[in-house]
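Undergrad: pasted the sequence and its predicted model underneath.
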Amino acid sequence: MEIIEIRDEFIRLGQALKLAGMAGSGVEAKEMILQGKVKVNGECSLQRGKKLYNDDTVEFDGKKIKIKA
């Protein structure tokens with residue numbers, strides 16, 4: 001599991017996918033999310049702007065990241 005460290009209180013889901021290298025662009029991240037391919041804390045998320053906080057996890061295509069603030 002990869003750790004993504006953030007400086008602010010939260011990061012938005014689309015930004016986290018780009019930062020982790022799971023998506024090459026915001027458009028690609030949006031498509032992945034809207035197609036139901038991304039899970040946040042084990043549940044499918046369809047919100048690109050979903051706020052992720054400390055200890056949240058994101059899963060896509062067998063890869064998993066954890067947010068650390």
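TA: Sure, I can see it.
Undergrad: can you confirm Lys66 is in a strand?
TA: Yes. Looking at Lys66 with DSSP: H, G, I helix; E, B strand; the rest coil, it is inside a strand.
Undergrad: okay, now Ala23: neighbour count?
TA: 21 (other CB atoms under 10 Å). C-beta: built from backbone N, CA, C; applies to glycine.
Undergrad: mind listing what's buried along stretch 57-69?
TA: By neighbour count on 16 or more other CB atoms under 10 Å, the buried set for stretch 57-69 is Val58, Glu59, Phe60, Ile65, Ile67.
Undergrad: just the strands in this structure please.
TA: Taking DSSP state E, the strands of the chain run over residues 2-5, 11-12, 38-40, 43-44, 51-52, 57-60, 63-68.
Undergrad: among the buried residues of stretch 57-69, which pair sits farthest apart?
TA: Greatest spatial distance in those: Phe60 and Ile67, 13.9 Å, computed using CB to CB.
Undergrad: is Ile4 bridged to anything, and to what?
TA: Ile67 (DSSP bridges).
Undergrad: which residues touch it?
TA: With contact set as CB atoms under 8 Å, 6 or more residues apart in numbering, Ile4 has these partners: Ile11, Ala16, Leu19, Ala20, Ile65, Lys66, Ile67, Lys68.
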